[in-house]
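In: could you work out the structure for the sequence below:
(one chain, ligands or ions: 2)
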Amino acid sequence: MEIDCIFCSIYAGEIPTEFLYRDDKCFVIRDINPVAQIHLLIIPTNHIEYMNDSPDRVNVVVHDLFSAAILVSESEGISESGYRLVINQKEDSGQEIRHLHMHLLGGESLGPIG
Ligand code: 5GP
Ligand code: ZN
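Out: Numbers count the residues shown, from 1 in each chain. Ligands and ions are numbered 1, 2, ... in the order given. Purely as a prediction, here's the structure:
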């Protein structure tokens, strides 16, 4: 748990948030500012700031993040229509929150990337 990290605070229950999925490895919430009909955030419970700084820890959680993505794509009803997974890293990506997370976007035609 990192002090002053919004995702750590959400997982700790300090900020009331609906969890679409939660276990001791990762959790899924809706993005507060959705850019698609369905916009979820898949977040490891461990505070990993940047992938490149913690490759070993990333390797451990990547399976959990993708498993959660499969689960929630099904519970949201978009496993057939499709979805996009995005991870922003550092300045050029516009990363806003320095706690590793994966965006899951879907529920509509997303168009090309960029
Ligand atoms: P990033 O740009 O870091 O990849 O994405 C961070 C995302 O977190 C943004 O899409 C933003 O809308 C979302 N976000 C920021 N603060 C909160 C919050 O307090 N609750 C939720 N559910 N999402 C948040
Ligand atoms: Zn954190």
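In: is ligand 2 contacted by the top strand by length along the chain?
Out: Longest strand of the chain, by residue count under DSSP state E: strand 38-44. No. Figure legend: strand 38-44 not in contact with ligand 2 (Cβ under 5 Å from the ion); closest approach 8.2 Å. No exception for glycine: its C-beta is placed from N, CA and C like everyone else's.
In: mean confidence score for that strand?
Out: In this model, strand 38-44 has an average pLDDT of 98.
In: off-centre distance for that strand?
Out: Centre-to-centre, strand 38-44 and its host chain are 3 Å apart (Cα atoms, centre = their mean, to the nearest Å).
In: which helices and strands sit right next to the next helix or strand after that strand?
Out: Downstream of strand 38-44, the next assigned helix or strand under DSSP states H and E is helix 55-75. Counting contacts by 3 or more Cβ pairs under 8 Å, 6 or more residues apart in numbering; DSSP states H and E, helix 55-75 packs against strand 21-22, strand 26-30, strand 38-44, strand 83-86, strand 102-106.
In: got these as TSV, with mean neighbour count columns?
Out: Output for these, formatted as TSV (neighbours: other Cβ atoms under 10 Å):
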stretch	mean neighbour count
strand 21-22	15
strand 26-30	21
strand 38-44	22
strand 83-86	15
strand 102-106	21
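In: from ligand 2, how far off is the closest residue to V58 other than its chain neighbours?
Out: Distances taken as Cβ to Cβ, 6 or more residues apart in numbering put M51 closest to V58, at 5.0 Å, once the chain neighbours are dropped. Distance of M51 to ligand 2, computed by Cβ to the ion, to the nearest Å: 14 Å.
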